[in-house]
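A.B. asks: All I have is the shape, not the residue letters:
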Ligand SMILES: C=C(N)C(=O)O
């Protein structure tokens with residue numbers, strides 16, 4: 001890829017599948033979809049969907065930080081994928097706590113299934129300018 005840079009970090013789950021953890025294109029960073037996987041164990045974190053939402057956002061933040069950004073503070077767009085939209089309120093509660101009244105734009109959709117059979121996944125776009 002020309003004028004783009006792949007972002008790789010041990011602080012977010014790694015994959016053998018054909019995608020990068022993040023790709024920086026100028027001041028814009030595209031972060032791949034992450035489930036609630038702890039990069040230290042490669043397993044889904046214990047707890048409820050709020051705990052899993054926290055882990056997903058930690059993974060996103062780690063990729064942004066690796067690219068030189070300020071973690072979630074530089075995120076401008078998130079897509080949330082839930083396998084059960086009944087989790088919407090619990091996810092919002094955990095999610096809102098991480099953005100401290102200044103949330104990025106967002107889309108939230110219910111999907112039938114996610115890789116790893118997790119129940120929540122998010123991808124993100126960050127602006128690093
Ligand atoms: C888990 C993914 N982000 C994927 O397979 O694209």
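C.D. replies: That came through fine. Since the model is a prediction, treat every value here as computed from it, not as a measurement.

A.B. asks: quick one: residue 110 and the ligand, what's the gap?
C.D. replies: 17 Å (Cβ to the nearest ligand atom, to the nearest Å). All C-beta atoms are positioned from the backbone trio N, CA, C, and that covers glycine.

A.B. asks: Over to residue 9?
C.D. replies: 15 Å.

A.B. asks: Just give me the neighbour total for that residue.
C.D. replies: For residue 9, the count of nearby residues is 17 (other Cβ atoms under 10 Å).

A.B. asks: again, but for residue 65
C.D. replies: Residues near residue 65, counting by other Cβ under 10 Å: 19.

A.B. asks: Please settle this for me: is it part of a helix?
C.D. replies: Yes - the assignment for residue 65 is a helix, going by DSSP: H, G, I helix; E, B strand; the rest coil.

A.B. asks: List the beta-bridge partners for residue 30.
C.D. replies: residue 23, residue 125 (DSSP bridges).

A.B. asks: from what I can see it touches residue 7, true?
C.D. replies: No - Residue 30 lies out of contact with residue 7 (Cβ atoms under 8 Å); the separation is 9.2 Å.
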